[in-house]
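> sharing a model prediction with you, sequence too.
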Amino acid sequence: MKKYTQLYNIIRDMILSGELKAGDKIPSVRKAAQIYDVSVTTVQNAYFDLCAEGFIIAQEKSGYFVSDIVQNPIKEDEEAAEESTEFDLTGGTADEDCFDFALWQRYIKSALRQTDRLLSYSQPKGEYDLRCAISQYIKEKRNVIASPERIIIGAGVQPLLQILCALIDRNSSVSFPDKSFTQGMSIFSDYGFEVHTRDKDADIIYVSPSHMTRWGDVMPIKRRLELISYSQKHNSLVIEDDYENEFLYNVKPTPSLFALGKGNIIYMGSFSAMLLPGIRISFMVLTDELTKKFNKNAYRFAQTASKTEQIALCNYIRDGHIKSQIRKIRRLYTAKTKKFYNMLKKEMPNAKIEIGENTLQIVLVSEFNKDISVFKEFGLKVFVEKYENNQIVLVISPSGIPEKSLKIVAENLILSIEN
């Protein structure tokens, strides 16, 4: 065991046991080095870890003090506690077993030790080394050839779309696949763009080829080629949101629009679905023309993604963990979808139940003559695609449900619909 880890454990145990109490001052770095007969660097690393874990806090010009993390643990409010009992079938949560938290924490701790980098704001485009890592990653995974200079990082797709809206002509019209793309449509509308759905004659066409609709439809290669040809002929700008492509399991892999097209396609991707919803890092590959425009106006933009998380993610990708993570959750999520599908299919023979093309969503069509509030009564959060004429259409994403809870969630869903 490394010396700084030993020192970390000593101080942590003193705090947990109550020997050191909230507000107690702990020895300075130099004093601790003398007491424990270790180097100053060893003490600094131990203190960094203790700060990162919330056991101690640093006060400028005063030193380090024990926090109140143990004596006054943070309590969830009633609303959060109530939400924690609800099972989310909309795909908005992740399964705890899908992610190695300890591994990610090590990368975060390593990033926190890079004090020189953390003393400054991140570059408007995002950290250069992360953009290099992303450039290599999308080249290998999706044959998207783009230099780091063309890549913009942001805390989710929404901030990136806001940047894009500031770069393109606001007199343009924008088309989305359907009305389920609520957030993207709202952003363009707020910036004054004319927003449509399924309008092939729009100036800007927003598509998500691996998840075209709530149903999880995947755009076939023929349609991709037709879209590229049409957009080039009519000088349309295409925004390719490559959401969920990494999870395609039973569908034959299809190339990205960016790899098939020439110059008029903006490529977007996100790491939130691959890692955790709470890790908000997405990226956008601009065209050459828009990259030049961004460079001229870079002073107008501020980076929204955490610099610490960017540094951590860069090393996480470079060490090959993102590839193994994708393989892990793809197996876990698709297996879970099939298992949940089989449970519903067995107990609901009269309902129409299908697995979406991307193997992550289940579409359920059934007779239903209740109020949709019944789902909440059974502790379920579901997405209702349609409810009319005593028939309901649900789009179900069980990926975030713990394996041990799949059976009870399926039972509750069946009861809420049939009884």
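Structure's in. What do you need?
> pull out the buried residues from stretch 359-368.
Neighbour-count burial for stretch 359-368 flags 359-364, 366, 368 (criterion: 16 or more other C-beta atoms under 10 Å). Heads up, the C-betas are built off the backbone N, CA and C, glycines and all.
> what's the answer for stretch 398-409, then?
Applying a neighbour-count criterion of 16+ other C-beta under 10 Å, one finds 398-401, 406, 409 buried in stretch 398-409.
> on that earlier part again, TSV for the buried residues of stretch 359-368, including distance to residue 176?
Shown next, in TSV, are the buried residues of stretch 359-368 (distance: C-beta to C-beta, whole Å):
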residue	distance to residue 176
359	24
360	20
361	18
362	24
363	20
364	25
366	28
368	28
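> which ones among the residues you listed are found in strands?
Among the buried residues of stretch 359-368, the subset assigned to strands under DSSP state E consists of 362-364, 366.
> returning to that earlier point: need the max-distance pair from the buried residues of stretch 359-368.
Farthest pair in the buried residues of stretch 359-368 (C-beta to C-beta) is 359 and 368. Separation: 25.2 Å.
> looking at the protein, which helix or strand is least sure?
One helix or strand of the chain scores below all others by mean pLDDT, DSSP states H and E: helix 78-84, with a mean of 45.
> do a quick rundown of the strands in the stretch 51-200 of the chain.
For the stretch 51-200 of the chain, the strands defined by DSSP state E, counting those that start in this stretch occupy 56-59, 63-66, 87-88, 151-154, 173-176, 194-197.
> out of those strands, the one nearest residue 242 is which?
Going by C-beta to C-beta, the one of the strands of the stretch 51-200 of the chain nearest residue 242 is strand 151-154, 13.5 Å.
> gap between the closest residue to residue 133 other than its chain neighbours and residue 377?
Computed as C-beta to C-beta, 6 or more residues apart in numbering, the closest residue to residue 133 that is not its neighbour in sequence is residue 317, at 4.5 Å. Going from residue 317 to residue 377 by C-beta to C-beta, to the nearest Å gives 43 Å.
> what about the two, which has more around it?
Using other C-beta atoms under 10 Å as the criterion, residue 317 and residue 377 rank with residue 317 on top: 20 against 11.
> figure out how far the one helix or strand the more buried one maps to is from the centre of its chain.
Using DSSP states H and E, residue 317 sits within helix 307-318. Computed by C-alpha atoms, centre = their mean, to the nearest Å, the chain-centroid distance of helix 307-318 equals 14 Å.
> buried residues, it. List them.
Result for helix 307-318 [16+ other C-beta under 10 Å]: buried residues 307-317.
> stretch 94-107 now?
Neighbour counts over stretch 94-107 (16+ other C-beta under 10 Å) mark 94-95, 98-99, 104, 107 as buried.
> pick out the most distant pair among the residues you listed.
95 and 107 (20.4 Å).
> quick check: residue 106 vs residue 376, distance?
Residue 106 is 39 Å from residue 376, by C-beta to C-beta.
> go on, residue 40?
The value you get for residue 40 to residue 376, if C-beta to C-beta is used, is 56 Å.
> also residue 259?
Counting by C-beta to C-beta - residue 259 and residue 376 are separated by 43 Å.
> same check on residue 115?
Computed as C-beta to C-beta, the residue 115 to residue 376 distance reads 47 Å.
> of the two, which one has the most company?
Higher neighbour count among residue 115 and residue 376: residue 376, with 13 against 9, using other C-beta under 10 Å.
> average pLDDT across the host helix or strand of that one?
Per DSSP H and E, residue 376 falls inside helix 374-377. For helix 374-377, mean pLDDT is 93.
> packing partners for that helix?
Where contact means 3 or more C-beta pairs under 8 Å, 6 or more residues apart in numbering; DSSP states H and E, helix 374-377 is packed against helix 406-418.
> contacts for the helix it packs on?
Helix 406-418 is contacted from outside by 87, 89, 336, 339-340, 343-344, 347-348, 351, 366, 368, 370, 374-375, 377-380, 382, 392, 396, 398, 401, using C-beta atoms under 8 Å, 6 or more residues apart in numbering.
> buried subset of those residues as a PyMOL selection?
In PyMOL, a selection of the buried entries from the contacts of helix 406-418 looks like this (16+ other C-beta under 10 Å):
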select buried, resi 87+89+336+340+343+344+348+351+366+368+375+378+380+382+392+396+398+401
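> can you tell me which of the contacts of helix 406-418 are in helices?
336, 339-340, 343-344, 347, 374-375, 377 (DSSP state H).
> output the below-cut-off pLDDT ranges for the stretch 151-300 of the chain.
For the stretch 151-300 of the chain, the stretches with pLDDT under 70 are 211-216, 244-253.
> any idea which element the residue positioned nearest the centre of the chain lies in?
The chain has residue 272 as the residue nearest its centroid, 1.4 Å off, counting by C-alpha atoms, centre = their mean. Assigned by DSSP H and E, residue 272 belongs to no helix or strand.
> for the one 5 residues further on, same thing?
Secondary structure here is read from DSSP H and E; on that basis residue 277 sits in neither a helix nor a strand.
> likewise for the one 3 residues further on?
Per DSSP H and E: residue 280 is located in neither a helix nor a strand.
> ok, it - contacts?
Residue 280 sits next to 155-156, 272, 305-306 when contact means C-beta under 8 Å, 6+ apart.
> among those, which one lies nearest to residue 55?
Out of the contacts of residue 280, the member with the shortest distance to residue 55 (by C-beta to C-beta) is residue 306, at 21.2 Å.
> distance of the nearest residue to that closest one once chain neighbours are set aside from residue 20?
Distances taken as C-beta to C-beta, 6+ apart place residue 155 nearest to residue 306, at 7.3 Å, with adjacent residues excluded. Applying C-beta to C-beta, the value for residue 155 to residue 20 is 36 Å.
> could you do residue 165 as well?
52 Å.
> with residue 101 instead?
Taking C-beta to C-beta, one finds residue 101 at 26 Å from residue 20.
> quick revisit: tell me which of the buried residues of stretch 398-409 is nearest to residue 221?
Comparing those against residue 221 with C-beta to C-beta places residue 399 closest, at 26.1 Å.
> who touches the closest one in this structure?
91, 94-95, 332-333, 336-337, 360.
> can you lay out those as JSON lines showing distance to residue 171?
Below are the contacts of residue 399 laid out as JSON lines (distance: C-beta to C-beta, whole Å):
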{"residue": "91", "distance to residue 171": "35"}
{"residue": "94", "distance to residue 171": "40"}
{"residue": "95", "distance to residue 171": "45"}
{"residue": "332", "distance to residue 171": "46"}
{"residue": "333", "distance to residue 171": "42"}
{"residue": "336", "distance to residue 171": "46"}
{"residue": "337", "distance to residue 171": "43"}
{"residue": "360", "distance to residue 171": "37"}
